[in-house]
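> Generate a structure from the sequence data that follows.
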Amino acid sequence: MDSCYWLNRSLTVLPGSSVASPGASLSTERRPAQHRESPSMGVIDFFTLLLVIAAGFQVGLQVAGIDMTGYAFGRYEGIVFVLMGLSAVWQLARQKF
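Numbers count the residues shown, from 1 in each chain. Here you go, the predicted structure:
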């Protein structure tokens with residue numbers, strides 16, 4: 001038996017397959033360009049995520065009869081609720097389904 005039998009067998013090309021040079025990519029398909037977001041989008045996403053989490057805590061504490069937003073923000077409570085709602089819409093719109 002030839003000493004290179006196993007080496008030759010492992011290099012056998014099957015019908016329908018292609019052989020590429022060692023430095024070449026095996027895939028010939030073009031990948032779509034990665035969409036890079038601006039750094040400010042990460043800041044907006046983080047801030048809106050914090051507001052959505054705070055809204056969840058607010059709902060949980062309201063069940064227990066505690067008004068966290070009223071205590072923390074007083075007369076600006078309505079504005080904070082609007083920001084929480086807009087944050088939830090923002091986070092939902094940014095989801096990739």
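> Tell me which residues touch T69, please.
T69 is in contact with Q58, E77, V80, F81, counting by Cβ atoms under 8 Å, 6 or more residues apart in numbering. The way it works is simple: take the backbone N, C-alpha and C, and place the C-beta from them, glycine included.
> Pick the one among the residues you listed closest to M68.
Q58 (5.4 Å; Cβ to Cβ).
> mind checking pLDDT for the closest one?
The model reports Q58 with a pLDDT of 94.
> Would you check that it makes contact with G70?
No. With contact defined as Cβ atoms under 8 Å, Q58 does not count as touching G70 (9.5 Å).
> More neighbours: those two, which one.
Neighbour count, other Cβ atoms under 10 Å: between Q58 and G70, Q58 has more, with 18 against 14.
> can you give me the helices in this structure?
5-10, 39-63, 68-73, 77-94 (DSSP state H).
> Pick out the shakiest of these, pLDDT-wise.
helix 5-10 (a mean of 52).
> Same question for stretch 85-97: list its buried residues.
Burial within stretch 85-97, assessed by neighbour count using 16 or more other Cβ atoms under 10 Å, is assigned to S87, W90.
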